[in-house]
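**Student:** curious how this folds, go ahead:
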Amino acid sequence: MTPSLAVTLLTWAAILLLFFGLAAVLREVRLLRGVVARNADGFTAAPPDLDLGPRFAGESGRIVAAVDSGCPLCLTVVERLAGLGADATLLTHESPARWADLARGLPVVSDGEAWRSVSHLSPPVLMLLGETGRVRRVLLPVRAAEVDTTLAEWAGPQSGGGAGDAGVVAHPGA
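**Tutor:** Next up, the predicted model:
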């Protein structure tokens, strides 16, 4: 082996070792960022980046449920919202006439643009909105009982959440 080949191999080995060291440091930084951004439930989450637009602007603390009439859990959540007397609005991509018997007295808004902003999520989607129509908190319920606890939590004073509260509720069993 020539000296120049040995130096080249050692150089590449050192570069590779530095690359793995950098990857380990970046992993630790990512884990540290997760600890700092952890919400009250112990889950790491990013704040919701959803804006339903001016049609949903108004009072702070407005609850919107994105629902689909073909989803059995959506119908159960709507029943639960109506049964609890929640001041909630139903967001759908379907005609409001389709929801005439299903809405149980809750107002129905058919807005294709707002629906597209949440359509990547699996309905039902419960959202707590701010004054501008920007979503502050999101819940993807997997059981109807979660609606009760979420409404009770969201009914309390909202000052933007606590330290590290990212505004997304995750489910440990899901």
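**Student:** so where's the protein shaky on pLDDT?
**Tutor:** The chain contains residues with pLDDT under 70 at 38-47, 156-174.
**Student:** mind checking the SS state of E113?
**Tutor:** With DSSP: H, G, I helix; E, B strand; the rest coil as the basis, E113 sits in helix.
**Student:** who's in contact with the spatially closest residue to it that is not a sequence neighbour?
**Tutor:** Spatially, and ignoring its direct neighbours in sequence, E113 is nearest to G53 (6.4 Å; C-beta to C-beta, 6 or more residues apart in numbering). In this view, the C-beta of every residue, glycine as well, is placed from N, C-alpha and C. With contacts defined as C-beta atoms under 8 Å, 6 or more residues apart in numbering, G53 is in contact with 111, 113-114, 117, 133.
**Student:** now, of the residues you listed, which are buried?
**Tutor:** The neighbour-count test (16 or more other C-beta atoms under 10 Å) applied to the contacts of G53 identifies 114, 117, 133 as buried.
**Student:** hmm, the first one is touching R55, no?
**Tutor:** Spelled out, it's A114. Yes - with contact defined as C-beta atoms under 8 Å, A114 reaches R55; the gap is 6.7 Å.
**Student:** picking that back up, just the contacts of G53 now: which is nearest P48?
**Tutor:** S117 (10.4 Å; C-beta to C-beta).
**Student:** who are the contact partners of P107?
**Tutor:** 89-90.
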